[in-house]
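Asker: Build me a model from this:
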Amino acid sequence: MKLHLLNALAVVSLLAACGKPAEQQAAAPVAPATEANLPADAQTARQAWSASAVGIGPLTPSTPFNREAIAALFPGSEVGTAYLAEEGVQVPVITVNGPDDLVLEIRQAGSTGRIGDTLAQGGAVVGPRGETLMAPWSSLGFKASDCVIGADRYSGAALCRRADTPALAYVVGARGELAGRPGETPDPEGLADKGFLREFLWQAPIR
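Answerer: This is a model prediction of the structure:
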């Protein structure tokens, strides 16, 4: 009798132990979603590009400032070259016009041969906290003190940054213009009344 009882207890103990290893196994680390590791079925969905501390979409500080190299990263897009006049100087830029209204303007980082400023002006570009172009100021989570009035092509708009992503500026525009001189903190009421996310501006770290 005792032998049968001991055998039964041994079986119960063995069955209980069988469930433990699976519970104790450490979860495998999951890589963050990027343009490089999207699942295959994501190709049928509307594509969105990330705007983050490391760049916009597949563009990073190591990307060559070269039309062919950039075109290879944006298949199905029209990639061209142009010039912008700044203080009497013609500055070369590379432009990307892609599906779903994607519009990018890319400049070189000094004489490095790599990309520098990347301006996302249209399309499904999403910030680190899910921010999207044309989103109202109230949804962005900034304070007026996080922003300054811009200069030149950004005059009448505010450039806002977060401490953890200083390379990424949120260009907040308005219907009309935001009041203030370049470098000043914009008026909080003006931002609340008419501010919206006009563009993402990523700038390569100074080397």
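Asker: any idea how far Val89 lies from Tyr83?
Answerer: 9 Å (C-beta to C-beta, to the nearest Å). The C-beta positions use only the backbone N, C-alpha and C, and glycine is treated the same way.
Asker: now Gln108
Answerer: Noted for Gln108: a distance of 12 Å to Tyr83, by C-beta to C-beta.
Asker: Same check on Arg162?
Answerer: If you go by C-beta to C-beta, the gap between Arg162 and Tyr83 works out to 32 Å.
Asker: Looking at the two, which one has more neighbours?
Answerer: Taking neighbours as other C-beta atoms under 10 Å, Arg162 and Tyr83 compare with Arg162 leading, 17 against 10.
Asker: circling back to that earlier point, so what's in contact with Gln108 and Tyr83 at the same time?
Answerer: Pro92 (C-beta atoms under 8 Å, 6 or more residues apart in numbering).
Asker: from memory Lys194 sits against Arg175, does it?
Answerer: Yes: counting by C-beta atoms under 8 Å, Lys194 does reach Arg175; the two are 5.3 Å apart.
Asker: Neighbour count: these two, which is higher?
Answerer: Between Lys194 and Arg175, counting by other C-beta under 10 Å, Lys194 is the more crowded of the two (16 against 8).
Asker: excluding its backbone neighbours, what's nearest that one?
Answerer: Ala174 (4.3 Å; C-beta to C-beta, 6 or more residues apart in numbering).
Asker: ok, now which ones touch that neighbour?
Answerer: For Ala174, the contact set (C-beta under 8 Å, 6+ apart) comprises Gly156, Ala157, Gly190, Leu191, Lys194, Gly195, Phe196.
Asker: now, which of those residues sits nearest Ser50?
Answerer: Nearest to Ser50 among those: Phe196, at 20.0 Å, using C-beta to C-beta.
Asker: Buried subset of the contacts of Ala174 as a ChimeraX selection?
Answerer: In ChimeraX, this line selects whichever of those come out buried by 16 or more other C-beta atoms under 10 Å:
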select :157,190,191,194,195,196
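Asker: Now name the helix or strand holding the residue nearest in space to the middle of the chain.
Answerer: Nearest residue to the geometric centre of the chain (C-alpha atoms, centre = their mean): Ala51, 1.1 Å. Assessed by DSSP states H and E, Ala51 sits inside strand 49-52.
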